[in-house]
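>>> Could you work out the structure for the sequence below:
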Amino acid sequence: MSYLKKHLTHLRQLLELEQQEEKQLFLDRIGRFNVHERVKQGITWYPISIADWYFDSLDKLVIEIERVAHSDIPHEFNTGRIVSVFSNKENNAEARASGTIVSMRGNIAKVVMNCDDFEDWMKTGKVGMDLLYDETSFKEMKHALKALEKTENRRLQHLLDVVYSDKKPEQKAQHPIALPHLNSSQLAALNNCMAQQEIAIIHGPPGTGKTTTLLDVIEKSLETNAQILVTAPSNNAVDLLVEKLDQRGINVLRIGNPARINDHIQELSLSWQITRHADFSLIKKMKKQSAELRNMASKYKRNFGPSEREQRKALFNEAWKLQKDAQQIEDYISSDLLENAQVIATTLVASANQAIRDRRYPLCIIDEASQALEPASWIPIMRSEKVIMAGDHQQLPPTVKSFEADKAGLSKSLFETCMEKLKVDVMLTTQYRMNEQIMHFSSGKFYQNELQAHHSVARHSLDVESPVIEFVDTAGCSFDEETENKTNGTAGSLSNFHEADLLWKHFYALFQHLQNNSYPLEKLSVGLISPYKAQVELLKKQLAEFPFPKDKISINTIDGFQGQERDIIYISLVRSNDRNEIGFLKDYRRMNVALTRARKKLVVVGDSATIANDHFYNSFVAYAEAQGGYKTAWEFLY
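Down below sits the predicted model:
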C-alpha cells in the first residue's frame with residue numbers, strides 16, 4: 001500500500017472516531033437541557049408558528065415554520081440541516097416528527113417532513129423545532145478523501161506527490177513586486193506566493209499583518225487570473241475577508257447560508273444578489289402562482305375519491321412545473337453572477353456547495369489554514385490548480401473533540417504538515433499590535449526571537465509608572481479551583497471565584513490609577529480571558545457590579561478572542577490545586593493566543609504553586625518578574 005493510500009485511510013478512520021464523539025456530545029447536549037436552555041444555545045426554536053403547509057409534487061408534506069420569539073438569539077439552523085418538530089404539551093411527549101430544512105429566510109424555515117400528514121398536534125400551539133445531528137461536514141470530508149485516492153487529474157496527482165512524496169515544489173522566475181505599504185517580510189511573502197507553482201504559505205504570527213498581506217496576494221493574483229476561490233474554516237473568517245475585498249473594489253461573491261453570513265455583508269451573498277436581479281420579479285410571480293395551486297390541491301384530503309385525487313394530482317403537477325421553471329430562471333441568474341465574480345468566497349466545507357461544486361479555479365486561498373482539519377482543506381484544494389495557505393501553527397490548532405483522534409494526529413493541519421516538509425513558507429516578522437515587552441516572551445518561545453515590534457507600537461503603554469506586563473500570584477491564598485455542576489453549558493468546566501474577585505480588585509485599582517492621572521478612559525478597550533468557560537460565565541456575572549463602561553469590556557474564552565486585540569488584557573488561569581495539575585493549560589499554543597491579544601498592558605492572574613512546576617509557565621513567571629511585573633495577591637486583597 002502506498003504512503004498516500006495508507007495516510008488517506010488513516011484520516012478516514014480518525015474522522016470516524018471524531019464523528020462518533022461529536023455525535024454523542026451533541027446527543028448529550030440535547031438530552032441534558034430543557035427546552036428553554038436549548039433555545040439559549042441556539043439548537044432549538046421555541047415557540048414556533050406553522051405559517052403554512054402543503055404537499056409537494058412528490059406527495060411530501062412541507063411546512064413553513066416561523067420563529068416567533070427569541071429572534072435575537074443566534075442559532076445553528078440552516079439549509080440542509082435535519083430537524084425535529086415537537087409538541088411541548090404535557091402528556092404529548094410522543095408528538096414529534098423529523099424533517100429537513102430546504103430553505104431559510106431570516107426567522108422562517110421551510111421543512112420537508114418525514115410524516116404522512118399534517119398532524120393535529122402541529123396546529124395546537126406549544127410547538128417547537130430541535131436541531132438534530134448534522135453529518136454534512138463529515139460527509140464532504142470523507143468524499144474528498146475518496147476523491148483524492150481515486151483522482152486521475154494530473155495536476156491534483158502532482159500536488160499530492162509534492163505534499164506526500166519526494167517530488168519537489170516548483171518555482172517560476174518573475175520580476176519582484178514592490179508595494180510601498182508592505183514591509184520587507186510582507187513583500188517577501190507576496191513574492192513567494194507569486195513564484196510558487198503548487199503551494200505557498202504565509203506564516204503570520206500575532207499582529208504581523210497577515211490579512212493585509214493576503215489581500216495584496218489576492219489583488220495581485222487577479223491580474224493574471226479571471227477568478228479565484230477564497231476560503232477559510234469559519235464563516236467569520238470568510239466574512240472578514242469578503243468585507244475587506246469589497247472595500248478594495250473587488251467583485252466578490254459570498255457563497256453560503258444567509259443565516260450564517262454577517263448582516264453587514266449580506267448584499268455580497270449569492271442569495272441576496274439573486275433577489276436583486278432584474279428577472280427575480282418573474283420568479284416571484286411564478287412561485288406565487290405555484291403556491292396558490294398547491295394550496296388549492298391541499299384542500300383535497302387523502303380519503304377523497306379517484307376524481308378528487310386526479311384533480312389534486314393535476315394541480316400539484318402544474319404547481320411543480322411552475323416551480324421548476326422558476327428554478328431554471330434562478331439557476332441562470334446564479335450562473336451569470338458566478339461567471340462575473342472575481343472572487344468566490346466560502347467556507348472550506350461549503351466549497352462543495354451545489355452551486356459551485358463543479359467549478360475549477362486556477363488558485364485557491366485558505367486563510368486560517370492552521371485551524372483547519374486536513375480533510376477539510378482538501379475540499380477546495382482538489383478543485384484548484386494551486387493553493388496559498390495563510391495562518392500560524394503556533395496558535396489555535398484544529399478543534400478535535402475525540403481524544404483518540406487527537407492523539408492519533410487528526411489535529412495536525414495540512415498547513416503544519418507543509419510547514420514541516422516543504423520550504424514554501426515565509427514568516428512575517430514585523431508586528432503592529434503589542435508593546436515589545438508583551439511580544440518578547442512569545443517571540444522567544446514560539447518564533448525563534450525573530451519578531452520585531454514596529455516603532456509605532458514598540459513602547460506604547462498606559463503610563464510610565466506601571467509595568468506593561470504583570471503576573472499576580474495567588475500562591476498561598478487557598479484560592480482553590482472548583483468544578484461546575486450547573487446545567488448552563490459549563491458543567492465539568494472549572495471556575496475560581498476568589499481568583500475572579502482578585503482580578504476585579506486589580507482592575508479597579510488600575511482603573512482608579514488611570515482616572516487619577518486623567519487618562520482618557522473612553523478610548524480604552526479591555527478584554528478578560530480565561531481558558532475555562534465556567535470562569536468566563538462567572539466574570540460576566542460579576543461585570544454588572546464593576547464601575548467601568550460595560551461596552552468597553554469584552555469577556556470570552558481564549559478561542560473566542562482569536563484574531564482580536566484590546567488595549568488591556570486580563571487572563572484568569574483558574575488552576576489552583578495541591579496536585580500541580582494544569583489540565584489543558586498544557587496547550588501552549590492556545591496560551592500563545594491569550595498572551596498576544598494585549599496592545600498596551602497584559603495582566604495574568606494565577607497560582608504559581610500550581611502552574612510553575614511546568615517549564616512554560618515557570619518561564620513566564622520569571623519573565624514577568626524580570627520586567628518588574630511580579631505581584632502577589634496580598635497587595636490587592638486589603
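>>> From now on I want contacts and neighbour counts done on CA atoms only, so please keep to that.
Will do.
>>> what's the weakest-modelled helix or strand in the protein?
helix 280-298 (a mean of 77; mean pLDDT, DSSP states H and E).
>>> Determine the angle, from 0 to 180 degrees, between whatever helix or strand comes next after that helix and helix 280-298.
Using DSSP states H and E, the helix or strand that follows helix 280-298 in sequence is helix 306-340. Interaxial angle of helix 306-340 relative to helix 280-298 (axes from the mean of the first three to the mean of the last three CA atoms, to 10 degrees): 160 degrees.
>>> one step back: put the alpha carbons of the least confident helix or strand of the chain into CSV.
Extracted in CSV, the C-alpha atoms of helix 280-298 (Å, rounded to 0.1, in the frame of the first residue of the first chain):
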residue,chain,number,x,y,z
PHE,A,280,-36.3,38.0,-10.0
SER,A,281,-39.8,39.6,-10.1
LEU,A,282,-40.8,36.9,-12.7
ILE,A,283,-39.5,34.2,-10.3
LYS,A,284,-41.6,35.6,-7.5
LYS,A,285,-44.7,35.7,-9.7
MET,A,286,-44.2,32.1,-10.8
LYS,A,287,-43.6,30.9,-7.2
LYS,A,288,-46.7,32.8,-6.0
GLN,A,289,-48.8,31.1,-8.7
SER,A,290,-47.3,27.7,-7.8
ALA,A,291,-48.1,28.3,-4.1
GLU,A,292,-51.7,29.1,-5.0
LEU,A,293,-52.1,25.9,-6.9
ARG,A,294,-50.5,23.9,-4.1
ASN,A,295,-52.9,25.5,-1.6
MET,A,296,-55.8,24.5,-3.8
ALA,A,297,-54.5,21.0,-4.1
SER,A,298,-54.0,20.7,-0.4
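>>> give the contact list for the spatially most central residue of the chain.
Geometric centre of the chain, nearest residue: residue 234, 3.2 Å, by CA atoms, centre = their mean. Taking CA atoms under 8 Å, 6 or more residues apart in numbering, we find residue 234 in contact with 347, 348.
>>> hmm, try it at 7 Å
Applying CA atoms under 7 Å, 6 or more residues apart in numbering, we find residue 234 in contact with residue 347.
>>> pLDDT value on it, please?
Looking at residue 234, its pLDDT reads 91.
>>> now residue 111
Model confidence at residue 111 (pLDDT) stands at 91.
>>> wait, is residue 137 part of a strand?
No: under DSSP: H, G, I helix; E, B strand; the rest coil, residue 137 falls outside any strand and is assigned helix.
>>> Tell me the spacing between it and residue 309.
Per CA to CA, to the nearest Å, residue 137 is found 41 Å from residue 309.
>>> mind showing which ranges of the stretch 151-300 of the chain have poor pLDDT?
For the stretch 151-300 of the chain, the stretches with pLDDT under 70 are 258-259, 298-300.
>>> What are the boundaries of the strands in it?
199-203, 228-232, 252-254 (DSSP state E, counting those that start in this stretch).
>>> where's the closest residue to residue 108 other than its chain neighbours, which helix or strand?
Excluding the flanking residues, the one nearest residue 108 by CA to CA, 6 or more residues apart in numbering is residue 66, at 4.4 Å. Under the criterion of DSSP H and E, residue 66 resides in strand 61-67.
>>> Quick one: list the elements packing against the least confident helix or strand of the chain.
Helix 280-298 sits against strand 48-55, helix 306-340, with contacts defined as 3 or more CA pairs under 7 Å, 6 or more residues apart in numbering; DSSP states H and E.
>>> and the first one with helix 306-340, angle?
With the same axes, to 10 degrees as the criterion, the two stretches strand 48-55 and helix 306-340 enclose an angle of 110 degrees.
>>> Could I get the average pLDDT for strand 48-55?
For strand 48-55, mean pLDDT is 84.
>>> Could you list every helix and strand in contact with that strand?
strand 61-67, helix 280-298.
>>> That strand pairs with which strands, and in what direction?
strand 61-67 (antiparallel) (DSSP bridges).
>>> Contacts for the strand it pairs with next, please.
So strand 61-67 is contacted by 45, 47-56, 107-113, 116-117 (CA under 7 Å, 6+ apart).
>>> Moving along the chain from that strand, name the first helix or strand you hit.
Along the chain past strand 61-67, the next helix or strand (assigned with DSSP H and E) turns out to be strand 82-87.
>>> List the pairing partners of that following strand within its sheet, with orientation.
strand 96-105 (antiparallel), strand 127-131 (antiparallel).
>>> How much space separates the residue lying closest to residue 287 once chain neighbours are set aside from residue 514?
Closest residue to residue 287 apart from its sequence neighbours, by CA to CA, 6+ apart: residue 323 at 5.9 Å. Distance of residue 323 to residue 514, computed by CA to CA: 65 Å.
>>> Over to residue 454?
25 Å.
>>> still on that earlier bit, tell me how far the residue nearest to residue 287 lies from residue 292.
Using CA to CA, residue 323 is found at 12 Å from residue 292.
>>> is it true that residue 597 touches residue 567?
No: using CA atoms under 7 Å, residue 597 is not in contact with residue 567; the gap is 8.4 Å.
>>> more crowded one of the two?
More neighbours surround residue 597 than the other of residue 597 and residue 567, with 29 against 20 (other CA atoms under 10 Å).
>>> Ignoring the adjacent residues along the chain, who's closest to that one?
In this structure, residue 597 finds its nearest non-sequential neighbour in residue 565, 4.5 Å apart by CA to CA, 6+ apart.
>>> Is that neighbour in contact with residue 600, as I believe?
No: Residue 565 lies out of contact with residue 600 (CA under 7 Å); the separation is 10.2 Å.
>>> Mind checking which of these two has more residues around it?
Taking neighbours as other CA under 10 Å, residue 565 and residue 600 compare with residue 600 leading, 26 against 20.
>>> How about residue 49: what's its closest non-neighbour residue?
Nearest to residue 49 is residue 66, by CA to CA, 6+ apart, at 5.1 Å.
>>> so who does the closest residue to residue 134 other than its chain neighbours touch?
Spatially, and ignoring its direct neighbours in sequence, residue 134 is nearest to residue 81 (6.1 Å; CA to CA, 6+ apart). Residue 81 sits next to 100, 101, 134 when contact means CA under 7 Å, 6+ apart.
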